[in-house]
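Peer 1: Give the three-dimensional model of this entry:
(one chain, ligands or ions: 1)
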Amino acid sequence: MINQLNQLEQQALSTIPNIEIESSLIEYKNTLLGKSGELTVILKWLKDLSGEDRGIVGKRANEIRDSLTLAFENQKDSIKRSVIESRMSNEKEDVTIPFSQNSGNIHPITKVQQEIEDTFRRMGFDIFESMQMTTEYLNFDAVNIPKTHPARDMQDTFWLEGNGNVLATQTSCMQNLIMKHEKLPIRAIIPGRVFRNEDVDATHDNTFYQVEGIVIDKNIGMGHLKFTIKTMLSDVFGKEVSIRMRPGYFPFVEPGVEIDFSCPFCDGNGCKICKGSGWIEFMGAGLIHPNVLKEGWLDPEVYSWFAFGFGLNRLVMIKYGIPDLRYFMNPDIRFLKQF
Ligand code: DAH
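Peer 2: Here you go, the predicted structure:
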């Protein structure tokens, strides 16, 4: 009997390490240690043996059961390990394979917009998105452009059918909403898509992007405006630029200014891009007109403020030397792939 047991153990211990599939291992374990497995049956016979033999054979049988159980466990672990190892070596990525030529990338307008948003976020500004469809009131009346005012003619508007809705001609259409609904102090930029009824050419499009800025707090002045714009433009061009202000008319600001910045390509010395002047004309800004604040339920005696607005397309064109506005709305992959 002992011989039979030893033989069984030897055979099992040499078979187990060669089984490489977990289900086969379990099956084999059952034939030895399962309910009617070989070793189990031998253990059952024990009761028919005489007292002394039963002790010796029983001890050996238990030893064998323990050694086989251990061998099965070890083999199970080693199968698991080798499955993981082979998966890891099959799934290894080759980082030297070039990216697909067809992968998409971010539109240059979006890219610069995101850079600008980062700069303003660092300065503690909130970011709101402008509306594309708005009302005649928000787009004009609320920002000090009443019906009869000639400034309405400065922007060729797409009027929508029905009661006084328009496609937003300027992100300034968000000023009134923000004044009424945001908690003071307000520091916000509002990027958005705007529309004008223009004939399309290299410098005009019916659809383009603007960024509006608005700051309302106590003791705010032109210096803050200048610093803010200088910081933004220096970030966009990756070098410090200078700012120049000239008087300019916009109905929603008083005083109103036009802001130019020193040409980042020739450092103000004069080149083709700045047409020899060293300056690039860029945007409108000013201190918000009291009428606009009153219309936004704010007291002009208590608060001070500034606002600004610029065309994002124009900034992107200057930054990347893009010669024609029409590229932006044209899904030409050869253009888009360059950024
Ligand atoms: N909304 C103006 C435009 O579309 C740009 C602008 C000028 C916005 C001056 C402002 C500002 O907030 O103060 O031409």
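
Peer 1: Which pLDDT value does the model give residue 24?
Peer 2: Looking at residue 24, its pLDDT reads 93.

Peer 1: distance of it from the ligand?
Peer 2: Relative to the ligand, residue 24 is positioned 76 Å away (Cβ to the nearest ligand atom, to the nearest Å). (Glycine included, C-beta is placed from N, CA and C.)

Peer 1: what about that residue, neighbour count?
Peer 2: Around residue 24 there are 12 other residues, counting by other Cβ atoms under 10 Å.

Peer 1: Helix or strand for it, just tell me which one.
Peer 2: Taking DSSP states H and E as the criterion, residue 24 maps to helix 22-33.

Peer 1: Are there helices or strands packed against that helix, and which ones?
Peer 2: If you count contacts as 3 or more Cβ pairs under 8 Å, 6 or more residues apart in numbering; DSSP states H and E, helix 22-33 packs onto helix 2-15, helix 38-45, helix 51-91.

Peer 1: Any idea which of the ones you listed has the lowest pLDDT on average?
Peer 2: helix 38-45 (a mean of 85).

Peer 1: what's in contact with it?
Peer 2: Identification of contacts with helix 38-45 by Cβ atoms under 8 Å, 6 or more residues apart in numbering yields 1, 4-5, 8, 31-34, 57-58, 61, 64-65, 68.

Peer 1: give me that answer again for 10 Å
Peer 2: By Cβ atoms under 10 Å, 6 or more residues apart in numbering, the surrounding residues in contact with helix 38-45 are 1, 4-5, 8-9, 11-12, 30-37, 54, 57-58, 60-62, 64-65, 68.

Peer 1: Output the set of residues of the protein in proximity to the ligand.
Peer 2: 170, 172, 212, 250, 252-253, 284-286, 307-309 (Cβ under 6 Å from any ligand atom).

Peer 1: Could you save those residues as JSON lines and add columns showing secondary structure, neighbour count and pLDDT?
Peer 2: As requested, the residues of the chain next to the ligand are arranged in JSON lines below (DSSP: H, G, I helix; E, B strand; the rest coil; neighbours: other Cβ atoms under 10 Å; pLDDT from 0 to 100):
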{"residue": "170", "secondary structure": "coil", "neighbour count": "26", "pLDDT": "97"}
{"residue": "172", "secondary structure": "helix", "neighbour count": "30", "pLDDT": "97"}
{"residue": "212", "secondary structure": "strand", "neighbour count": "23", "pLDDT": "98"}
{"residue": "250", "secondary structure": "coil", "neighbour count": "24", "pLDDT": "95"}
{"residue": "252", "secondary structure": "coil", "neighbour count": "24", "pLDDT": "95"}
{"residue": "253", "secondary structure": "strand", "neighbour count": "24", "pLDDT": "96"}
{"residue": "284", "secondary structure": "strand", "neighbour count": "20", "pLDDT": "98"}
{"residue": "285", "secondary structure": "strand", "neighbour count": "25", "pLDDT": "98"}
{"residue": "286", "secondary structure": "strand", "neighbour count": "25", "pLDDT": "97"}
{"residue": "307", "secondary structure": "strand", "neighbour count": "24", "pLDDT": "98"}
{"residue": "308", "secondary structure": "strand", "neighbour count": "24", "pLDDT": "98"}
{"residue": "309", "secondary structure": "strand", "neighbour count": "23", "pLDDT": "98"}
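
Peer 1: can you give me phi and psi for residue 260?
Peer 2: phi -110, psi 160 (degrees, to the nearest 10).

Peer 1: right, and it touches residue 279 too?
Peer 2: Yes: between residue 260 and residue 279 there is a contact under Cβ atoms under 10 Å: 4.3 Å.

Peer 1: circling back: can I get the helices and strands packed on helix 22-33 in CSV including distance to residue 198 and mean neighbour count?
Peer 2: Listed next are the helices and strands packed on helix 22-33 as CSV, based on distance: least, Cβ to Cβ, whole Å; neighbours: other Cβ atoms under 10 Å:
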stretch, distance to residue 198, mean neighbour count
helix 2-15, 85, 13
helix 38-45, 91, 15
helix 51-91, 54, 13
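
Peer 1: which residues in the stretch 101-250 of the chain form helices?
Peer 2: 108-122, 136-139, 175-181, 222-237 (DSSP state H, counting those that start in this stretch).

Peer 1: Point out the most buried one among the ones you listed.
Peer 2: Mean neighbour count (mean count of other Cβ atoms under 10 Å) peaks for helix 136-139 among those, with a mean of 20.

Peer 1: what sits up against the helix holding residue 24?
Peer 2: 8-9, 11-12, 15-16, 18-19, 21, 34, 36-41, 43, 64-65, 68-69, 71-73, 75-76, 78-80, 83.

Peer 1: go with 6 Å
Peer 2: With Cβ atoms under 6 Å, 6 or more residues apart in numbering as the test, helix 22-33 has contacts from 12, 19, 37-39, 72, 75, 79.

Peer 1: With stretch 58-74 instead?
Peer 2: 2, 5, 9, 12-13, 16, 29, 39, 42-43, 46.

Peer 1: Quantify the burial of residue 217 by counting its neighbouring residues.
Peer 2: Neighbour count for residue 217, taken as other Cβ under 10 Å: 14.

Peer 1: bridging residues for it?
Peer 2: residue 304 (DSSP bridges).

Peer 1: thought it was touching residue 185?
Peer 2: Yes: contact criterion Cβ atoms under 6 Å: residue 217 and residue 185 qualify, at 3.8 Å.
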